[in-house]
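Q: Quick one, structure for this:
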Amino acid sequence: MITSLKIKIRLALLCSALVASLTACATKPVFNVDSIDVLSQTPNNIVNATNEASGEVPAGNVIWGGVIVSSHNLSDRTQLEILSYPLSQTQRPIIDKKPTGRFLIQSAGYLELASYQQGRLVTVLGTVQDVTQGTVGESTYQYPTITSNELHLWGADKPAKTGVVFGIGISLGG
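A: Down below sits the predicted model:
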């Protein structure tokens, strides 16, 4: 009878651990904003819409992400140039997809450039302010410029891919 009770207790603990680990693996977006359509608004779409509207920039909030191309601390803000990519469900840039343009992030104050260095992944929640003329190499380029409301710097681990990875580890101790 005692052995049966021990088995039931271990089984209950195992089920609880399994449920907890599955819940912990659920993917949540970095920024929880339902009113933003992240699929249709891309840097290229904003530039095209601005050109079609005789220079009027479509204002609004966006959630964009990508790879940092360059970063500069200015007198009152930090400017990041980003090569934009589509976002995963967690809003992490998916770098094996086709880029969707470039954009500039204006972040108030000072960001440590050693952290926000070239090649790092970043996701931003911000407001489209303007389209800024710049250059990529020797070509002119129009950058949508957004003011950062929130900025998320991704860890230096493996980049997001389009596939889904799922795993469970269970250890039964004696």
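Q: can you give me the helices in the chain?
A: Remark: helices assigned in the chain by DSSP state H are 2-24, 43-52.
Q: Buried residues, the shortest one. List them.
A: If you call a residue buried by 16 or more other C-beta atoms under 10 Å, then helix 43-52 has these buried ones: 43-44, 46-47, 49-50. For glycine as for every other residue, the C-beta is placed from the backbone atoms N, C-alpha and C.
Q: shouldn't V136 be in contact with G101?
A: No - in terms of C-beta atoms under 8 Å, V136 does not count as a neighbour of G101; the distance is 10.6 Å.
Q: Between these two, which has more neighbouring residues?
A: Neighbour totals were compared for V136 and G101, and G101 leads with 21 against 12 (other C-beta atoms under 10 Å).
Q: Tell me where the protein has strands.
A: Under the criterion DSSP state E, the chain carries strands at the ranges 60-73, 77-85, 102-108, 121-136, 139-153.
Q: and those strands as CSV, adding mean pLDDT and distance to V33?
A: As requested, the strands of the chain are exported to CSV (pLDDT from 0 to 100; distance: least, C-beta to C-beta, whole Å):
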stretch, mean pLDDT, distance to V33
strand 60-73, 95, 7
strand 77-85, 97, 18
strand 102-108, 97, 17
strand 121-136, 94, 6
strand 139-153, 95, 9
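Q: Bridging across strands, which residues link to W64?
A: Beta bridges link W64 to V124, judged by DSSP bridges.
Q: and the gap between I63 and V69?
A: The spacing between I63 and V69, counted by C-beta to C-beta, to the nearest Å, is 19 Å.
Q: These two: who's more crowded?
A: The neighbour count for I63 versus V69, taken as other C-beta under 10 Å, is higher for I63 (21 against 14).
Q: Quick check: Q79 touching H72?
A: Yes - counting by C-beta under 8 Å, H72 is a contact partner of Q79 at 5.0 Å.
Q: out of these two, which sits in the more crowded spot?
A: Q79 (17 against 12).
Q: For the more buried one, list the residues it contacts.
A: Residues in contact with Q79 (C-beta atoms under 8 Å, 6 or more residues apart in numbering) are 71-72, 104-107.
Q: Return a PyMOL selection command for the buried portion of those residues.
A: Paste this into PyMOL to select the buried members of the contacts of Q79, with burial taken from 16+ other C-beta under 10 Å:
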select buried, resi 71+104+105+106+107
